[in-house]
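**Student:** Mind looking at a prediction? Sequence and model below.
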Amino acid sequence: MTTAAHEHGTEVVCQAGLQLYVRALHEGTVPERDAAAVPCVTRSGILQPDIEDVRRLRPLVAAIALPRLLHRMEEDISRRRRAERRLTEVFEPLLTLGTRDDDNLSTADGITVLQGVDRINDAIGRVTVEASKEILTIQPGGRRSPTALAVALPREQRLLSRGARMRTLYQHTTRHDPAVLAHFERLQGDVEVRTLDELPQRLLMLDRTVAFIPANTERTLAVEIRHRPLVTYLGTVFDRLWHLATPMHPQAVRQPTLNGITPRQRAIAALLIEGHTDADIADRLGMNVRTARVHIAKLAATLGSESRAQLGYLIGQSGILDPEPDRAR
């Protein structure tokens, strides 16, 4: 028989221990080694050493064992209830600290984790109603769905109607998206859109007092930030990216080519020489893999490359990645 200790729950005697006790009642005694795997039988006292043979255990008569076990259970219940009362006394004064909403998870002063898409949208909608000066957004990735644009349109227009200004950063792959272009044409007010090859994660900031950022890749968790230094920092990051970006709306600035190489191809070239795969390049530049490969093929044809390794060498020799002088925005 195994001597491994039996896993016990909260019961005083486990099922295996009760079976051994019943066997001992029928047989008179059981070997001490049989109880090694169920120490609850000796700990509870329902099996006790046989004074005539210390290698065996004798059962306590059932009429005495049952009241003893029930008493131990009552003591255990009382002990747990006392522990519950102590925990309640400690935590009750703390339950309202750092929380604004029962459905939210407060993590620190000025930082709240919003759980669930509906809760996130409700929080954004509430803050948008309160805002009146400025809305800054970063929209990474490819095209936005018509549904997402339709939901955003009335909310953004109400904000613009209150005199606020709107500044949005997209990736270059969005510059020719008819749905996005039509969306901004419909908006009435102070609206500007610029684009970059690469962008960080999504950001929404209102009046430079509150910001929202995603907290997981599924976008079912978001962080609402009212911590002033953090909001200021995020605003500064946006301003730096805005300065580097190319105007798209209301007046689009054509991105210049260099020796027949388009800006998008230059961005791909920079990632190629860093050793990124086609899939990585597509993800970072907000395009699908097929489109990325078409641009890579065009880049190779322009530079006269016949292999991937040669393409990297020719990119380095071509000078297309040399720093450009700052252009006025």
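**Tutor:** That came through fine.

**Student:** any chance you could map the helices in the chain?
**Tutor:** 15-27, 40-43, 62-91, 117-130, 146-161, 178-186, 228-244, 263-272, 278-285, 289-303, 308-318 (DSSP state H).

**Student:** Pick out the shakiest of those, pLDDT-wise.
**Tutor:** Least confident of those, judged by mean pLDDT, is helix 308-318 with a mean of 78.

**Student:** Figure out which of the helices of the chain is closest to Gln251.
**Tutor:** helix 178-186 (11.8 Å; CB to CB). From N, CA and C alone the C-beta is placed, and that goes for glycine too.

**Student:** got a list of contacts for that closest one?
**Tutor:** Applying CB atoms under 8 Å, 6 or more residues apart in numbering, the contact partners of helix 178-186 are 143-144, 146, 149, 152-153, 157, 168, 170, 174, 191, 193, 249-250.

**Student:** and those residues, which are buried?
**Tutor:** Using 16 or more other CB atoms under 10 Å as the burial test, the contacts of helix 178-186 include 143-144, 149, 152, 157, 168, 170, 174, 191, 193, 249 as buried.

**Student:** Narrow those residues to those in strands?
**Tutor:** Using DSSP state E, the subset of those located in strands is 168, 170, 191, 193, 249.

**Student:** beta partners for the second one?
**Tutor:** It refers to Tyr170. Using DSSP bridges, the bridge partners assigned to Tyr170 are Gln139, Thr195.

**Student:** quick revisit: of all the buried ones among the contacts of helix 178-186, which two lie farthest apart?
**Tutor:** Farthest apart among the buried ones among the contacts of helix 178-186 - using CB to CB - are Arg143 and Gln157, which lie 21.0 Å from each other.

**Student:** list the buried ones in stretch 12-26?
**Tutor:** Neighbour counts using 16+ other CB under 10 Å place 12-14, 17-18, 20-21, 24-25 of stretch 12-26 among the buried residues.

**Student:** That stretch: how far from the chain's middle?
**Tutor:** Its chain's C-alpha centre and that of stretch 12-26 lie 50 Å apart, by CA atoms, centre = their mean, to the nearest Å.

**Student:** Could you list the residues in contact with that stretch?
**Tutor:** Residues outside stretch 12-26 that contact it (CB under 8 Å, 6+ apart): 6-8, 30, 34-35, 37-38, 40-41, 44, 46-47, 57-59, 62, 65, 69, 72-73, 76.

**Student:** Now Gly304. Its backbone dihedrals?
**Tutor:** Per-residue torsions, Gly304: phi 80, psi 30 (degrees, to the nearest 10).

**Student:** Hmm, it is touching Leu314, no?
**Tutor:** Yes. Contact criterion CB atoms under 8 Å: Gly304 and Leu314 qualify, at 6.9 Å.

**Student:** which one of the two has more residues nearby?
**Tutor:** Neighbour comparison, Gly304 and Leu314: the larger count goes to Leu314, with 18 against 10 (by other CB atoms under 10 Å).

**Student:** how close does the more buried one get to Ile320?
**Tutor:** 9 Å (CB to CB, to the nearest Å).

**Student:** Met73 too?
**Tutor:** 80 Å.

**Student:** With Arg158 instead?
**Tutor:** Distance from Arg158 to Ile320, by CB to CB: 45 Å.

**Student:** same check, this time on Thr236
**Tutor:** 30 Å.

**Student:** Between those two, which is the more surrounded one?
**Tutor:** Neighbour count, other CB under 10 Å: between Thr236 and Ile320, Ile320 has more, with 20 against 10.

**Student:** How about the more buried one: what's its closest non-neighbour residue?
**Tutor:** With CB to CB, 6 or more residues apart in numbering as the criterion, Ile320 has its nearest non-adjacent residue at 4.9 Å, and that residue is Ile261.

**Student:** in the sheet, who's paired with the one you found?
**Tutor:** Leu258.

**Student:** count of neighbours near it?
**Tutor:** Residues near Ile261, counting by other CB under 10 Å, number 19.

**Student:** Could you verify my assumption that it touches Ala301?
**Tutor:** No. Using CB under 8 Å, Ile261 makes no contact with Ala301, being 11.1 Å away.

**Student:** Quickly list the domain ranges of this protein.
**Tutor:** Using automatic domain parsing, the domain parsing of the chain gives 1-95, 104-249, 263-318.

**Student:** what touches both of Leu314 and Ile320?
**Tutor:** In contact with both Leu314 and Ile320: no residue, using CB under 8 Å, 6+ apart.

**Student:** So what sits opposite Pro59 in the bridge?
**Tutor:** If you apply DSSP bridges, the partners that Pro59 bridges to are Leu47.

**Student:** How much space separates it from Glu134?
**Tutor:** Pro59 is 81 Å from Glu134, by CB to CB.

**Student:** more crowded one of these two?
**Tutor:** Pro59 (22 against 17).

**Student:** From Leu114, how far out is the spatially most central residue of the chain?
**Tutor:** The chain has Asn216 as the residue nearest its centroid, 2.0 Å off, counting by CA atoms, centre = their mean. According to CB to CB, Asn216 stands 11 Å off from Leu114.
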